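**Student:** Model the following, please.
(one chain, ligands or ions: 1)
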Amino acid sequence: MQRTEPQGRSCSPNEPMAELTFRTPERGDGAAIWQLIRDCGPLDDNSMYCNLLQCDHFAETCVVAELDGEIVGWVSGYIVPGEPDTLFVWQVAVSAAARGRGVGKRMLGELLKRDVCRQMRRLKTTITRDNRASWALFGAFAEAVEGGLQREAYFKRDEHFEGRHDTEHLVTIVFGEAFARRRTAPTPLRNVA
Ligand SMILES: CC(C)(COP(=O)(O)OP(=O)(O)OC[C@H]1O[C@@H](n2cnc3c(N)ncnc32)[C@H](O)[C@@H]1OP(=O)(O)O)[C@@H](O)C(=O)NCCC(=O)NCCS
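**Tutor:** Below you'll find the predicted structure:
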């Protein structure tokens with residue numbers, strides 16, 4: 001079935017986005033997130049149940065971006081089992097009207113500010129070869145964390161997807177040492193000499 005065109009507020013590229021806010025998702029957001037993802041080709045749409053679980057059990061490592069109360073951005077992630085210092089980013093979605101304004105990059109930054117992510121030393125995600133916007137987003141993120149970006153073919157078209165999906169390349173971004181140190185340095189106490 002053909003996908004519907006993305007709905008939602010549109011704005012001109014120079015219009016300021018002062019009303020843009022970020023927050024942790026709640027169960028009540030699941031359906032709107034599911035719709036946003038459906039509107040954001042080439043993302044795989046998972047079941048609404050999956051998005052509800054992300055908003056519930058994995059809420060601390062997911063971010064919603066809102067513009068005037070409407071959800072325009074979404075990042076789902078989780079801490080990799082057995083790798084307590086590695087954040088895996090599952091999906092990033094920004095509505096067509098809000099793209100190219102730093103929303104994706106800011107959502108990743110919001111995640112890193114959370115207490116649950118304080119000990120993170122690397123970020124992993126997977127990207128298909130032709131997803132230019134996603135490579136640009138994670139390339140910009142790697143620069144922001146003063147880190148290096150490594151890639152390897154991981155979930156392969158024939159071996160893992162039975163030819164039904166392009167190969168997903170595993171991207172690993174290790175945060176730069178100075179950046180990681182700054183993040184965990186204790187905040188200096190105020191009014192103390
Ligand atoms: C990928 C996506 C989330 C990027 O969101 P966004 O809010 O437009 O990205 P940002 O504005 O934060 O841009 C981050 C960087 O990527 C660059 N970029 C973004 N889209 C780009 C594009 N289509 N082509 C080239 N560069 C692009 C920006 O210039 C910026 O670089 P800079 O920091 O060096 O200036 C958005 O395009 C999207 O939802 N695409 C469809 C779904 C998808 O493919 N998600 C990613 C896979 S999980």
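**Student:** need the strands for the chain, in chain order.
**Tutor:** Assigned by DSSP state E, the chain shows strands spanning 20-23, 63-67, 70-79, 86-94, 122-128, 148-155, 168-174.
**Student:** Run the chain-centre distance for the first one.
**Tutor:** Mean C-alpha position of strand 20-23 versus that of the full chain (Cα atoms, centre = their mean, to the nearest Å) differs by 14 Å.
**Student:** centroid residue for the chain?
**Tutor:** residue 75 (3.5 Å; Cα atoms, centre = their mean).
**Student:** Which residues are in contact with it?
**Tutor:** 62, 63, 89, 91, 92, 93, 104, 107, 108, 111 (Cβ atoms under 8 Å, 6 or more residues apart in numbering). Glycine gets a C-beta too; all of them are placed from N, C-alpha and C.
**Student:** Equivalent analysis for residue 126, please.
**Tutor:** 154, 155, 168, 169, 170, 171.
**Student:** at 6 Å instead, please
**Tutor:** Residue 126 makes contact with 154, 168, 170, according to Cβ atoms under 6 Å, 6 or more residues apart in numbering.
**Student:** If we ignore the residues flanking it in sequence, what's nearest it?
**Tutor:** Closest residue in space to residue 126, ignoring its immediate chain neighbours: residue 168 at 3.8 Å, by Cβ to Cβ, 6 or more residues apart in numbering.
**Student:** what about that neighbour, neighbour count?
**Tutor:** Using other Cβ atoms under 10 Å, residue 168 has 19 neighbouring residues.
**Student:** my guess is it meets residue 156, correct?
**Tutor:** No - contact between residue 168 and residue 156 fails when scored by Cβ atoms under 6 Å: they sit 8.1 Å apart.
**Student:** quick check, nearest of the contacts of residue 75 to residue 162?
**Tutor:** residue 91 (21.5 Å; Cβ to Cβ).
**Student:** quick one, what contacts the spatially closest residue to the closest one that is not a sequence neighbour?
**Tutor:** Distances taken as Cβ to Cβ, 6+ apart place residue 76 nearest to residue 91, at 5.0 Å, with adjacent residues excluded. By Cβ under 6 Å, 6+ apart, the residues touching residue 76 are 54, 62, 90, 91.
**Student:** Of these, which fall within the contact range of the ligand?
**Tutor:** residue 91 (Cβ under 6 Å from any ligand atom).
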